[in-house]
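Visitor: sequence first, predicted coordinates after that:
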Number of protein chains: 2
Amino acid sequence: MAEREIQALLVTHSPDVRWLCGFTGSNAALAVTVKQAALFTDGRYTTQAREETRGARVTIAKKSALRECCALLGELAKKAWFDPQHTTVADLGLMRSGVNAKKSRGFFVALREPLVSVLRMVKDESELALMEKAAKLGCELFETMLPRMESGLTETGFAAELEFEARRRGAEGMSFETIIASGARSALPHGRATMAKLPRKGFVTLDFGVILKGYCSDMTRTVHLGRASREEHAAYDAVLEAQEAAVAAVKPGARCGDVDDAARSVLKKAGLGKYFTHSTGHGVGLEIHEQPRVAAAQGTPLETGMTITIEPGVYLPGKFGIRIEDMVAVTKKGNRILTPVSKSWIEL
Amino acid sequence: MAEREIQALLVTHSPDVRWLCGFTGSNAALAVTVKQAALFTDGRYTTQAREETRGARVTIAKKSALRECCALLGELAKKAWFDPQHTTVADLGLMRSGVNAKKSRGFFVALREPLVSVLRMVKDESELALMEKAAKLGCELFETMLPRMESGLTETGFAAELEFEARRRGAEGMSFETIIASGARSALPHGRATMAKLPRKGFVTLDFGVILKGYCSDMTRTVHLGRASREEHAAYDAVLEAQEAAVAAVKPGARCGDVDDAARSVLKKAGLGKYFTHSTGHGVGLEIHEQPRVAAAQGTPLETGMTITIEPGVYLPGKFGIRIEDMVAVTKKGNRILTPVSKSWIEL
């Protein structure tokens, strides 16, 4: 804060609050100055807030936690910075109403660059240990579920079993709605599991993640049921080559845009560039989608301790789709794949 | 829109977009004028958007769906209204950058009263049928799981089984992180399931919901393991009486604040008022928390077709907590409980 000449900071985005002071409730406003930190929440969290919070004074707000937090900021500082990406226009109005009327004009300043989410990009050792554990659980789930996959099962039935195994092994929940997209549905990059049945012949994309102590895992594998066509084989090979090229490009100092380009250029060469309709990856941690974005032209340099996904894919509408995704930690020497389960062609 | 003299509306909140045009993707901007509707999303949703969307033209944005949508609004109208509750300060900047620079100042107007979420409060018959089905599944889960509850099981293990049964029976997912709060943890109103073991003696609060075709259910029951104390018994009776009093107050024309008061006054009389630390309920539908708020001093009148929760509770820090929750539909004649499973004292 001192470095960026920020006197006071308002933090309301839950993962940021958790990262800073440990509190996990859904309603929180944290005031941070160079000297102190104060957390405001509501009556639902009286006990929980006292149990979880470290390094911040806890106040249970009578009405609005946000408003009371801003009233305190108004007393402590001349200006306060906030995160415009995670503050609604309505909340900004409420924030202004919380500080003394004379001060309220110009009191709140939108951060030009995110602050806490940028700090969160680089994981410390205890965070990396948790991420690794979550990623490992994801791998175990894939290995457990693979032999159980057969045509005729519904996508949701299969997802249910996978999620049950996750919970049984201690996951607090899934990082996002499990994607089981089979047959022509594999061409939907975000095809959540439906009542559709796994086909006799065709791809099945499994994209899922678990949450362990707040930290998310994320991985994707695509397997084939029945005999594949030559086109399907060739497309799989190209996606795998692209994925491995992007992983190889991950090292400290590499730009996110270059990592994206490593995957994209392989798929372009294979004539599949136009079917790769999303970015190569994203940061992952307390949130399933964090900074940095691993996308075209992103200049953010990778740093040791960052954890990102590498997940190129191709989607041929009405035909099939393939995506392969690992979680990758940036290390001093280059990178380490946190989801080391096989990516080779699997035909069941 | 005509009634409120709104020429053009920007809709970006996912449940609102889904309700208006059927599209369920996570990134969407919908421009609505009196004459037309246009949906903008990104390349991940090319196939899905065409499959799902009704009544709106679909455009796959090259860069920002939001920005391209605003560019269109800039061509179609002199002003456009947006929902400040679901628009971040950062997005407002992006929106302004999308319209012609000369126009951008004052082009976007924050809605004073929410528009789509207010329309969504009243469910039509097809929505009510879905809500009823989701609520019924919730009841079945409670009845299935109750005999399986025993001391020594972990909260997460029990939640895992419940969620597995939900998925197996067709739920797309849970409406929110399942709350299984046992023993002294039942005093945490939002005590998500942990690795804690169900005690030999004490309350267990089960608060969970399922999603069916996008619609959420929500219910809570609190049961007792082992022999209860007189204090626990008396508190349960008071919460049940409060809950039933609030349900009885639900009818067309009743104010939300009066429904809240019906529950609160019972608990006050029982000397437990200060332990009822949250509001009585909330609307439920495509989102788990919707309008109206069933809270103190809320003037919103109930209307036929609204679906709300009625969920008073008491929380004695370090000792125990109790909450009882039903989903209730407002009917012409009064109300109908959508979660009719028994609320009587259960001692296992």
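Guide: It's in. Numbering: from 1, shown residues only, chains lettered A, B, ... in the order given.
Visitor: strands of the stretch 151-300 of chain A, start to end?
Guide: Counting by DSSP state E, counting those that start in this stretch, the stretch 151-300 of chain A forms strands over residues A:173-174, A:179-182, A:202-208, A:210-212, A:215-216, A:219-225, A:281-283, A:290-294, given from the N-terminal end onward.
Visitor: ok, the closest residue to residue A:45 other than its chain neighbours - contacts?
Guide: Counting by C-beta to C-beta, 6 or more residues apart in numbering or on different chains, residue A:45 lies nearest to residue A:25, which is 4.1 Å off, once chain neighbours are set aside. All C-beta spots, glycine's among them, are computed from the backbone N, C-alpha and C. If a contact means C-beta atoms under 8 Å, 6 or more residues apart in numbering or on different chains, then residue A:25 has A:14, A:41, A:44, A:45, A:48, A:49, A:52, B:190 as its contacts.
Visitor: one more: residue A:139?
Guide: Under the criterion of C-beta under 8 Å, 6+ apart, the contact partners of residue A:139 comprise A:219, A:339, A:340, A:341.
Visitor: check residue A:229 too.
Guide: Applying C-beta under 8 Å, 6+ apart, one finds that residue A:229 lies in contact with no residue.
Visitor: and it, what's its pLDDT?
Guide: With respect to pLDDT, residue A:229 has a value of 96.
Visitor: what of residue A:170?
Guide: 87.
Visitor: count of neighbours near it?
Guide: For residue A:170, the count of nearby residues is 16 (other C-beta atoms under 10 Å in any protein chain shown).
Visitor: could you do residue A:271 as well?
Guide: If you count neighbours by other C-beta under 10 Å, residue A:271 ends up with 11.
Visitor: repeat that for the one 5 residues further on.
Guide: Here the neighbour count serves as a burial measure; for residue A:276 (other C-beta under 10 Å) it reads 25.
Visitor: return the residues in contact with it.
Guide: Under the criterion of C-beta under 8 Å, 6+ apart, the contact partners of residue A:276 comprise A:242, A:263, A:264, A:267, A:312, A:313, A:314.
Visitor: now distance to chain B and pLDDT too, for these, in a markdown table please.
Guide: A markdown table is the format used below for the contacts of residue A:276 (distance: C-beta to the nearest C-beta, whole Å; pLDDT from 0 to 100):
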| residue | distance to chain B | pLDDT |
| --- | --- | --- |
| A:242 | 16 | 98 |
| A:263 | 15 | 98 |
| A:264 | 13 | 98 |
| A:267 | 14 | 98 |
| A:312 | 13 | 98 |
| A:313 | 10 | 98 |
| A:314 | 12 | 97 |
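Visitor: OK, contacts around residue A:169?
Guide: Applying C-beta under 8 Å, 6+ apart to residue A:169 gives the contacts A:137, A:140, A:141.
Visitor: so for residue A:188, what pLDDT did the model give?
Guide: Residue A:188 is assigned 87 on the pLDDT scale.
Visitor: what sits against it?
Guide: Applying C-beta under 8 Å, 6+ apart as the definition, the contact partners of residue A:188 turn out to be A:181, A:315, A:321, B:45, B:47, B:48.
Visitor: and with 6 Å instead?
Guide: Neighbouring residues of residue A:188 by C-beta atoms under 6 Å, 6 or more residues apart in numbering or on different chains: A:181, B:47, B:48.
Visitor: kindly reformat those residues as CSV containing neighbour count and pLDDT.
Guide: Putting the contacts of residue A:188 into CSV (neighbours: other C-beta atoms under 10 Å in any protein chain shown; pLDDT from 0 to 100) gives the following:
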residue, neighbour count, pLDDT
A:181, 27, 95
B:47, 20, 86
B:48, 22, 88
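Visitor: between the contacts of residue A:276, which sits nearest residue B:83?
Guide: Lowest distance from residue B:83 to the contacts of residue A:276 (C-beta to C-beta) belongs to residue A:313, with 32.8 Å.
Visitor: and that closest one, how many neighbours?
Guide: Tallying neighbours of residue A:313 according to other C-beta under 10 Å, which is how burial is gauged here, yields 29.
Visitor: that one touches residue A:320, doesn't it?
Guide: No: judged on C-beta atoms under 6 Å, residue A:313 makes no contact with residue A:320 at a distance of 10.9 Å.
Visitor: give me the common contacts of the two.
Guide: For the pair residue A:313 and residue A:320, no residue contacts each of them under the criterion C-beta under 6 Å, 6+ apart.
Visitor: can you show me the helices along chain A?
Guide: Using DSSP state H, the helices of chain A run over residues A:14-21, A:46-52, A:65-76, A:89-98, A:101-104, A:116-121, A:125-145, A:155-168, A:230-248, A:256-269.
Visitor: against residue A:330, how distant is residue A:85?
Guide: Going from residue A:85 to residue A:330 by C-beta to C-beta, to the nearest Å gives 23 Å.
Visitor: quick one: which of these two has more around it?
Guide: Ranked by neighbour count (other C-beta under 10 Å), residue A:85 and residue A:330 place residue A:330 first, with 24 against 14.
Visitor: who's in contact with the more buried one?
Guide: For residue A:330, the contacting residues are A:252, A:302, A:304, A:306, by C-beta under 6 Å, 6+ apart.
Visitor: now the first one. Nearest residue, chain neighbours left out?
Guide: Distances taken as C-beta to C-beta, 6+ apart put residue A:304 closest to residue A:252, at 5.1 Å, once the chain neighbours are dropped.
Visitor: from residue A:245, how far off is the one you found?
Guide: Shown here: residue A:304 relative to residue A:245, a distance of 21 Å by C-beta to C-beta.
Visitor: residue numbers of the stretch 101-250 of chain A in contact with chain B?
Guide: A:110, A:156, A:160, A:164, A:167, A:168, A:173, A:177, A:187, A:188, A:189, A:190 (C-beta under 6 Å from any C-beta of the partner chain).
Visitor: pull out the buried members of the residues you listed.
Guide: A:156, A:160, A:164, A:167, A:173, A:177, A:187, A:188, A:189, A:190 (16 or more other C-beta atoms under 10 Å in any protein chain shown).
Visitor: and the two most separated of those residues?
Guide: With distance counted by C-beta to C-beta, no two of these lie farther apart than A:167 and A:187, which are 29.8 Å apart.
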